[in-house]
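Asker: I need the structure of the sequence given here:
(one chain, ligands or ions: 2)
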Amino acid sequence: ELASRAHIRFSVPVIQQALAEAEIKTEQLDGIAVTYGPGLIGSLLTGLCVAKGLSLSLEIPFIGINHLEGHVFSNVLEEPAVLPPFVVLIVSGGHTQLVLVEEWGNYRILGKTRDDAAGEAFDKVAKMLDLGYPGGPVIEKAAKKGNAEYIRFPRAFLKNGSFDFSFSGLKTAVMNHVYNIGEDAVKNRINDIAVCFQEAVVEVLVEKTIQAAREYKVKKICLAGGVAVNSRLRIKFQQKTESTPLKVLFPSPRLCTDNGAMIAAAGEFYLKQGSQSPHS
Ligand code: KG4
Ligand code: ZN
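Answerer: Ligands and ions are numbered 1, 2, ... in the order given. Take a look at the predicted model:
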C-alpha cells in the first residue's frame, strides 16, 4: 500500500525530471515501455495506468516489459554490441535465476532459487546483524574489514549438475551462529560474520554460473540485478575466468539496481520489431 501511494506521488515528477535531464519533449518519444511484472501488484498497476495514459494521450505505442527481462537489457546499455548467446545471472532482491539467452526474446531458465533470493539473504542477514536496509551495500562494507577465515558457513550446491540455488540453509546457519555466540559477541564479530556469509553466497553464484556457461557452450556471461553491484562477486568472477576463454560483462552499478533505463532498452528492442501491447 505504501509503495503504491509512493508510485502515485512520484511517477509524474520522475518522468518530468527524466525528460528535462535528457532535454527531450514528449512529442519526440517513439513509445512508452513499462514493467508489467513480476512485482508488487499495486505499484505495477499504478505504473501501467500512467504508461497507458501517456500512450493514449500522445498516440504512441505502449509496451509491457517483464521486469527480469529489463534487468538483462541493462547489459545492452553498458555494451550496445553485446550479442547472444550468453548466460546471464540475474541476482536481485526478489529473484535469483540463471538464464540462457539464445537470442533476444528467447530465454531458457536453467535454474532459479528454491527459497530466498540472493539479495533477500543479504537483506535478512543484515537485519540479524542490525545493519539496516538494504542489506547488500552494508554487508559488503562490513565484509571489507572482516576475517574470511572466522567461520565456514554452508554452501548449497544441491545435487550434481543442478543450476538451482538455495540460500535458506545459509541464512539459518548465520541465525544459529548469531544466537549461539550471543548479542555481545556478535557486536564484535559483525565484520567477520558479514565476510563469511558473503563468501558463501558469492562462491555458489560464481561456480554455478561458470558451470552453466561451460555446459551450454557459451563464451559470454552477463550479470544483472542489485546483487551484481557486489565488488567481491565481480572480483571472484574475474579471478575464476581470467585464464579461460570466458568473458564476463559487468553493467555499471547504477544499471544493475532497479532503473527505468533498462525497461526502456527492452522496450526499444520490441518497438523496433514492430511489437506493442494492447491497452485492454
Ligand atoms: O535489482 P534490485 O535493485 O531490486 C529488485 O528487483 O529486487 O536489487 C535489490 C537487492 C537488495 O536485496 C540489495 O540488498 C541487493 O540488491 N544489493 C546488494 C548490493 N547492492 C544492492 N547485494 C550485495 N552487494 C551489494 N553491493
Ligand atoms: Zn529488479
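
Asker: how many neighbours does the residue of the stretch 101-250 of the chain found nearest ligand 2 have?
Answerer: With C-beta to the ion, the shortest gap between the stretch 101-250 of the chain and ligand 2 falls at Gly225, namely 5.8 Å. Where you see a C-beta, it was placed from the backbone N, CA and C, and this is true even at glycine. Using other C-beta atoms under 10 Å, Gly225 has 27 other residues around it.

Asker: so it touches Glu120, yeah?
Answerer: No: contact criterion C-beta atoms under 8 Å: Gly225 and Glu120 do not qualify, at 11.5 Å.

Asker: about what we covered before: how near is the nearest residue in space to the residue of the stretch 101-250 of the chain closest to ligand 2 that is not next to it in sequence to Thr257?
Answerer: Using C-beta to C-beta, 6 or more residues apart in numbering and skipping the chain neighbours, the partner closest in space to Gly225 is Ser92 (3.5 Å). Counting by C-beta to C-beta, to the nearest Å, the separation of Ser92 from Thr257 is 8 Å.

Asker: which residues are common contacts for the two?
Answerer: Both Ser92 and Thr257 are contacted by 225-226, under the criterion C-beta atoms under 8 Å, 6 or more residues apart in numbering.

Asker: On the three-state scheme, Leu223 is what?
Answerer: strand (DSSP: H, G, I helix; E, B strand; the rest coil).

Asker: burial count for it?
Answerer: Leu223: 27 surrounding residues under other C-beta under 10 Å.

Asker: For the residue sitting furthest away from the middle of the chain, pull up the helix or strand it's in.
Answerer: The C-alpha centroid of the chain is most remote from Asp184, which lies 34.0 Å away (C-alpha atoms, centre = their mean). In this structure, Asp184 is located in helix 183-215 according to DSSP states H and E.
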